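Peer 1: Model the following, please.
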Amino acid sequence: MAFDFPASYRYADSHEYAWQDADSIRIGLSAYAVDQLGDIVFVDLPEVGSDLSHGNSFGTVESVKAVEEMYAPLSGEVLQRNEALLANPEELQKDPHGEGWLLVIRPSDMTQFEQLMDAGTYAAKVAAT
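Peer 2: Next up is the predicted model:
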């Protein structure tokens, strides 16, 4: 199956994406990760004001198949969480790179963003699995 990975996004090994918008970063799960999960029934996200640490778990996504941890692609403070997604977790499946975003953070170290994979590298990684 072919997936669309927006070129302006950066990707973590654990399949989260990060998209820079001015001085904030939007975080979500890649279309590949969402596809692997199957039917999503629950999403747990941190509260606004929480601090994320690069590489540490920040929440879970539950599908009919499994419960999976989500990992912070970079450190920062949570400015926003997608409340609509908490109420309707299936939205994550419909539009993971758009309306299915998870968090908006204020990054504490932008070099972490630059260290994430670009879309081409991530697409090659997914194709190799």
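
Peer 1: for the biggest helix by length in the chain, packing partners?
Peer 2: In terms of residue count, the longest helix belonging to the chain (DSSP state H) is helix 119-127. With contacts defined as 3 or more C-beta pairs under 8 Å, 6 or more residues apart in numbering; DSSP states H and E, helix 119-127 has these neighbours: strand 10-11. Any C-beta I mention is one placed from the backbone N, CA and C, and that applies to glycine too.

Peer 1: ok, for G49, nearest residue in space, not its chain neighbours?
Peer 2: If the residues on either side of it in the chain are set aside, G49 comes closest to V78, at 6.4 Å by C-beta to C-beta, 6 or more residues apart in numbering.

Peer 1: neighbours around the one you found, how many?
Peer 2: Neighbours of V78 under the rule other C-beta atoms under 10 Å: 21.

Peer 1: Okay, buried residues for the longest helix of the chain please.
Peer 2: For helix 119-127, burial by neighbour count (16 or more other C-beta atoms under 10 Å) applies to 119, 122-123, 126.

Peer 1: nearest to D51, of these?
Peer 2: Minimum distance to D51 across those is 25.8 Å, recorded for Y122 (C-beta to C-beta).

Peer 1: Over to the nearest residue to D39 once chain neighbours are set aside: give its phi and psi.
Peer 2: Residue nearest to D39 in three dimensions, not counting chain neighbours: V64, with 4.7 Å by C-beta to C-beta, 6+ apart. Main-chain torsions, V64, degrees, to the nearest 10: phi -70, psi -20.
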